[in-house]
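**Q** please work out how this folds:
(one chain, ligands or ions: 3)
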Amino acid sequence: MSIKLGELSELVQARYVVHLSDGKRLVLFRLPSIDPSRQKPHESLDGWSYYAMEAECPHAGGPMAESSVDIEDSAYVVSCPWHAYDFNVETGESSVGIKTCTYPIYIRDQIVFLNYPQGGREVRLARLEAVSEKVKLKHDQNSDVLTTQPLNEQSSFCDWAVEILGTADPERKIELTHRLYTVFNEKEVSSSPMALGKGRVKPPDQPPRDGLVEVNPWEIQNPGRGGTVRSRIAMLHALANIELWAIDLAIDICVRFATFQTERNVHELPRTFFRDWLKVANDEAKHFSLLRTRIEELGYYFGALSVHHGLWESATRTAHDLRARISIIALVHEARGLDINPMTIEKFRKAGDTESVAALEIIHHDEITHVTTGHRWLTWICDQEGTDPIQVFRSNVQKYFRGGIRGPFNEEARLQAGMDQRWYKIDNAVTA
Ligand code: FES
Ligand SMILES: [Fe+2]
Ligand SMILES: [Fe+2]
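**A** Ligands and ions are numbered 1, 2, ... in the order given. Okay, here's the model as predicted:
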């Protein structure tokens, strides 16, 4: 009935994936106790509460280990990264009416136990996997090299965003992004959440770059098929460049459209909008760090090859309209990434480069959630405005994307992100 998960002194990460011997996967959350004065069995004396729930979202299998955490009515609620269904970590209940399984945790003699129905068989803990943000920073969080000045305790979300966008140094950009993500989320569950600072600051027209040789997209040398190290470095370098722009794109959407209001039924963007895109930005920072690390392990460095800023041109073209921005960046470019990633991963696998395969698989998995974020917010806006998100998307593609959407499509990954064939199908070709 009870499965020992580990000693309190070992379980110090915010979340773990619990692999059980019967094949079941759960997520173990470790969160600050909401009311430490009334200690419950799943709470430690030093103020931490432990909760366990199914690792897969009951809606469509989204990864609950990557959910965001909120407090509502004095209880922790976690939201699935795919379609944002929310679940109470203790009861498993959701405001949308479905329920996930949660499992009681108790602490005895400094050991954390899981209450798990075993149905006559003996089920053991097979493996405990810490879920870290996996951002490979070069400097530790307290390093002076990456001072956060001019930011301080009073800085708003938008102040941070403009600082990140104005930062040319890639290492400082990913460090600031990761720090904003950490500080913002810590403050979200405190009594003084970070001010958003909507409309107080302006983002740059185009984020600066330093020490990079910029060329036109068509002047970039074809990296080849990945058969040689040189070709694989070129592929990783090109992807790292895209990830760097992707950080700016996710941050820019927050600050540029901070004061956006829906038409007809006037609504401002809720805090979850900012939190969702900050999560995307933090993922992109992680992706850049993974790729930069691989490039260095292969004996090169980021900046050794020329790069282009083709992605930012789409941002410029859609800088006046949030619906267009989401359509082109998240639902055209990022969705195209879902189509291409498996082929790229295969090239690295064929070359026996398993470290790069591991990094690219993490990236692909995260990118599904980015397309989901785009799909969710375009749908939210259209719901408020009484329009059809597919029609809005298609008309934006015609206006702002040259060349049309072409396959082959990764239908499965697109569907996981909420994009069924009606969004991109050939016989209704979405073309310019
Ligand atoms: S809300 Fe979790 S998979 Fe849809
Ligand atoms: Fe990415
Ligand atoms: Fe992305």
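**Q** tell me, which helix in this protein spans the most residues?
**A** In the chain, assigned by DSSP state H, the helix with the most residues is helix 354-385.
**Q** now tell me what touches the helix or strand following it from outside.
**A** Counting by DSSP states H and E, the next helix or strand C-terminal to helix 354-385 is helix 389-400. Helix 389-400 has contacts (CB atoms under 8 Å, 6 or more residues apart in numbering) with 314, 317-318, 321, 323-324, 327-328, 331-332, 375, 378-379, 381-382, 404-405, 422-423, 430-432. From N, CA and C alone the C-beta is placed, and that goes for glycine too.
**Q** these in strands, which ones?
**A** Judged by DSSP state E, the contacts of helix 389-400 include no members of strands.
**Q** list the buried residues in stretch 243-252.
**A** Buried residues in stretch 243-252, counted by 16 or more other CB atoms under 10 Å: Glu243, Leu244, Trp245, Ala246, Ile247, Asp248, Leu249, Ala250, Ile251, Asp252.
**Q** and the closest residue to Asp366 other than its chain neighbours, what pLDDT?
**A** Spatial nearest neighbour of Asp366, chain neighbours left out: Asp283 (4.5 Å); criterion: CB to CB, 6 or more residues apart in numbering. Here, the pLDDT recorded for Asp283 equals 93.
**Q** against Ala324, how distant is Asn152?
**A** 35 Å (CB to CB, to the nearest Å).
**Q** more neighbours, these two?
**A** Ala324 (22 against 8; other CB atoms under 10 Å).
**Q** okay, helices next: where are they in the stretch 101-250 of the chain?
**A** Using DSSP state H, counting those that start in this stretch, the helices found in the stretch 101-250 of the chain span residues 157-166, 170-188, 229-256.
**Q** out of the ones you listed, which gets nearest to Val77?
**A** helix 170-188 (11.9 Å; CB to CB).
**Q** sec struct for the residue nearest to Asp366, please.
**A** The three-state assignment at Asp283 reads helix, by DSSP: H, G, I helix; E, B strand; the rest coil.
**Q** where does the residue of the stretch 301-432 of the chain found nearest ligand 3 land on pLDDT?
**A** Residue nearest to ligand 3 within the stretch 301-432 of the chain: His370 (3.6 Å; CB to the ion). His370 carries a pLDDT value of 93.
**Q** correct me, but it touches Ala330?
**A** Yes - counting by CB atoms under 8 Å, His370 touches Ala330, with 6.3 Å between them.
**Q** need the contact list for the residue lying closest to Lys40 once chain neighbours are set aside.
**A** Of all residues not flanking Lys40 in the chain, Ser49 sits nearest, at 7.5 Å (CB to CB, 6+ apart). By CB under 8 Å, 6+ apart, the residues touching Ser49 are Arg30, Leu31, Pro32, Ser33, Ile34, Lys40, His42, Glu43, Tyr76.
**Q** tabulate these (JSON lines), appending distance to Val183, neighbour count and pLDDT.
**A** Output for those, formatted as JSON lines (distance: CB to CB, whole Å; neighbours: other CB atoms under 10 Å; pLDDT from 0 to 100):
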{"residue": "Arg30", "distance to Val183": "19", "neighbour count": "18", "pLDDT": "90"}
{"residue": "Leu31", "distance to Val183": "17", "neighbour count": "19", "pLDDT": "86"}
{"residue": "Pro32", "distance to Val183": "15", "neighbour count": "15", "pLDDT": "80"}
{"residue": "Ser33", "distance to Val183": "21", "neighbour count": "19", "pLDDT": "82"}
{"residue": "Ile34", "distance to Val183": "20", "neighbour count": "14", "pLDDT": "80"}
{"residue": "Lys40", "distance to Val183": "29", "neighbour count": "13", "pLDDT": "88"}
{"residue": "His42", "distance to Val183": "27", "neighbour count": "19", "pLDDT": "91"}
{"residue": "Glu43", "distance to Val183": "25", "neighbour count": "21", "pLDDT": "91"}
{"residue": "Tyr76", "distance to Val183": "20", "neighbour count": "20", "pLDDT": "90"}
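**Q** secondary structure and distance to Ser68 for these - can I get that in JSON lines?
**A** Output for the contacts of Ser49, formatted as JSON lines (DSSP: H, G, I helix; E, B strand; the rest coil; distance: CB to CB, whole Å):
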{"residue": "Arg30", "secondary structure": "strand", "distance to Ser68": "15"}
{"residue": "Leu31", "secondary structure": "strand", "distance to Ser68": "12"}
{"residue": "Pro32", "secondary structure": "strand", "distance to Ser68": "15"}
{"residue": "Ser33", "secondary structure": "coil", "distance to Ser68": "19"}
{"residue": "Ile34", "secondary structure": "coil", "distance to Ser68": "17"}
{"residue": "Lys40", "secondary structure": "coil", "distance to Ser68": "23"}
{"residue": "His42", "secondary structure": "coil", "distance to Ser68": "21"}
{"residue": "Glu43", "secondary structure": "strand", "distance to Ser68": "22"}
{"residue": "Tyr76", "secondary structure": "strand", "distance to Ser68": "11"}
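**Q** for this structure, what lies in contact range of ligand 3?
**A** Residues of the chain found near ligand 3 (CB under 5 Å from the ion) are Ala246, Glu367, His370.
**Q** and the last one, how many neighbours?
**A** What that stands for is His370. 28.
**Q** quick one: contacts for it?
**A** Ala250, Val280, Asp283, Ala330, Glu334.
**Q** that one and Val280: what is the separation?
**A** Taking CB to CB, one finds His370 at 5 Å from Val280.
**Q** mutual contacts of the two, please.
**A** Ala250.
**Q** look up the closest residue to Ala130, ignoring the ones flanking it.
**A** Gln13 (4.4 Å).
**Q** same deal with Ala238?
**A** Pro223 (6.3 Å).
**Q** hmm, the one you found is touching Asn241, no?
**A** No - the pair Pro223 / Asn241 is not scored as a contact, 11.8 Å apart, by CB under 8 Å.
**Q** okay, these two: which has more neighbours?
**A** Asn241 (26 against 19).
**Q** so the more buried one makes contact with His308?
**A** Yes - with contacts counted by CB under 8 Å, Asn241 reaches His308, the gap being 7.4 Å.
**Q** which stretches of the stretch 101-250 of the chain have low pLDDT?
**A** 132-135, 139-147 (pLDDT under 70).
**Q** now do the same contact list for the residue of it found nearest ligand 1.
**A** Proximity of the stretch 101-250 of the chain to ligand 1 (CB to the nearest ligand atom) peaks at Cys101, 14.0 Å away. Going by CB under 8 Å, 6+ apart, Cys101 touches Met53, Glu54, Gly92.
**Q** find the residue closest to the residue most central in space within the chain in space, skipping its chain neighbours.
**A** Residue closest to the mean C-alpha point of the chain, counted by CA atoms, centre = their mean, is Val280 at 3.7 Å. Spatial nearest neighbour of Val280, chain neighbours left out: Ala250 (4.1 Å); criterion: CB to CB, 6+ apart.
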